[in-house]
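[1] Below is the sequence, then the predicted model.
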Amino acid sequence: MAVLSQRKRIWGWYFFDWASQPYNTLILTFIFGPYFTSTLSANLVADGLAEEAARAQAQATWGWGLAITGICIALLAPLLGAIADNSGRKMPWIWLFSLMYFVGSGALWWTAPQDFSVLWALTFFGIGLIGMEFATIFTNSYLPELDDDPAELGRISGSGWAFGYVGGLIALVIMLLLFQATGSGKTMAGLSPLFGLDQETKADTRIVGPLSAVWFAVFMIPFFLYTRDTHKVGATRLVVGDAMRDLLKTLRGLPQHPSLMAYLGSSMFYRDGLNGLYTFGGIYAVGVLGWSVTEVGIFGIVAIISGAAFCWVSGRVDRRAGPMPVIIFCVLTLAFVSLLIVSITPESILFIPIAEGSNMPDVTFFIAGAVIGAAGGALQASSRNMMTRQANPARMTEAFGLYALSGKATSFLAPALIALTSQMTGSQRLGVSPVVGLFIIGLILLIWVKPKGDFST
């Protein structure tokens, strides 16, 4: 078999971010998430529930669905990483989880408002999300193999994340220009939705599932062509018992590596806060500010462009100064923006009343979205690189399983807190407030993290 060049291996690795990003962009954040809550809310109102209570309940239902999915991911992620490290094989797992992504996203087509099933929508959304998250664990673990110089990994990670953002942006633009109808019945390009999609049955919105599935299938081809498992000396056959014992040994040994333990704890909270912003940002705009799906999509374009640009910039900063300064700056920024978002209503900003009919809430929310995209993208890219510094090089896949565990062990926390707060207050706006505290906790735990980790020589 011909030896693949470093350039091909890096670009093949980049294409996973490009292929998988639409699940975050189109399904989780800007199109399907808001569609789910607005559809459920309308059904609840039709059943006699007050409008504000219906919006809060719909947001809570979405939150509980994400919480259950997060628990499933948290329980299995580190074990799967340990299995892959023991066997030395990652690619079969990536194929399996890619199939879950494809099936889960494609099945969202069958969520028409007329026969809307919360169970169907959340089940297949969860299958696709689990597939994406687990595939990400294994693809992330290839990062240290892409360059022998650790200083270059920050640039590669940042560029990969930026490339993924561009993929998500193009997918979102395609969705808005060719499929998603506006109030006029035409798309933003002035066209009738492709394939004659019926706006009454929301087919123009539901197509987001099959579109994401096909996008993923097509653009994973370069990844599978240019990514190979490297031979692992001493690799064993797949034995779950051995993997579990090694995983428990790693967990028991975490107190001996305080920097790694502190980083896993810190990232557990700040990434959960970020996921809360991503997951509920579009839903918030629809419920609190009254935006349409198209307006949320435009908001998404702004956020993605800023995210892509700052991922590229932060990758260069990361290469010069390391990931720690980037992470601290981004967490501080996101904590402030979270507080700003909670204060935005159609009548006030930062709890200061504004003139009736002013467009300042919409403008402010657009600016906040751009900042979230910028800081969030840079934070995720540098966090991925920071993990390569904190982890034991001999157990990298397992470490990224733990990294996924730290991101998912409390991944139910942000959705659950938002769901609980939404239900307790009966307010969709106040329901998002817990994310501020998550960022603050993550920032505090960074005090005990060594920039080069416990395993550096």
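    Ah, there it is.

[2] Pull the distance from stretch 101-121 to the chain's centre.
    20 Å (Cα atoms, centre = their mean, to the nearest Å).

[3] do stretch 349-368 as well
    Centre-to-centre, stretch 349-368 and its host chain are 27 Å apart (Cα atoms, centre = their mean).

[4] got the buried residues for that stretch?
    349, 354, 361, 362, 364, 365, 366, 368 (16 or more other Cβ atoms under 10 Å). Any C-beta I mention is one placed from the backbone N, CA and C, and that applies to glycine too.

[5] how close does the second one sit to residue 72?
    The reference is to residue 354. From residue 354 across to residue 72, the span is 43 Å (Cβ to Cβ, to the nearest Å).

[6] that older thread, out of the buried residues of stretch 349-368, which comes closest to residue 174?
    residue 366 (21.4 Å; Cβ to Cβ).

[7] which SSE is that closest one in?
    helix 360-390 (DSSP states H and E).

[8] Quick check: chain neighbours aside, which residue is closest to residue 211?
    Spatial nearest neighbour of residue 211, chain neighbours left out: residue 175 (6.4 Å); criterion: Cβ to Cβ, 6 or more residues apart in numbering.

[9] part of a helix, is the one you found?
    Yes - assessed with DSSP: H, G, I helix; E, B strand; the rest coil, residue 175 lies in a helix.

[10] Show me which helix runs longest in the chain.
    helix 51-87 (DSSP state H).

[11] tell me what it is packed against?
    helix 32-46, helix 118-140, helix 240-253, helix 258-288, helix 396-408, helix 413-425, helix 428-431 (3 or more Cβ pairs under 8 Å, 6 or more residues apart in numbering; DSSP states H and E).

[12] can you put these in a markdown table and add mean pLDDT and distance to residue 93?
    Listed next are those as a markdown table, based on pLDDT from 0 to 100; distance: least, Cβ to Cβ, whole Å:
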| stretch | mean pLDDT | distance to residue 93 |
| --- | --- | --- |
| helix 32-46 | 91 | 26 |
| helix 118-140 | 91 | 5 |
| helix 240-253 | 68 | 12 |
| helix 258-288 | 83 | 22 |
| helix 396-408 | 67 | 9 |
| helix 413-425 | 80 | 26 |
| helix 428-431 | 77 | 36 |
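
[13] Pick the most buried one from those helices.
    With neighbours taken as mean count of other Cβ atoms under 10 Å, the helices and strands packed on helix 51-87 reach their highest mean count in helix 396-408, at a mean of 26.

[14] Quick check: the residue lying closest to residue 346 once chain neighbours are set aside vs residue 426, distance?
    Leaving out its chain neighbours, the residue that sits closest to residue 346 by Cβ to Cβ, 6+ apart is residue 361, at 5.6 Å. Here residue 361 is placed at a distance of 21 Å from residue 426 (Cβ to Cβ).

[15] now residue 216
    Counting by Cβ to Cβ, the gap from residue 216 to residue 426 is 38 Å.

[16] Which residue of those two possesses the greater neighbour count?
    Counted by other Cβ atoms under 10 Å, residue 216 and residue 426 do not tie: residue 216 has more neighbours, with 26 against 14.
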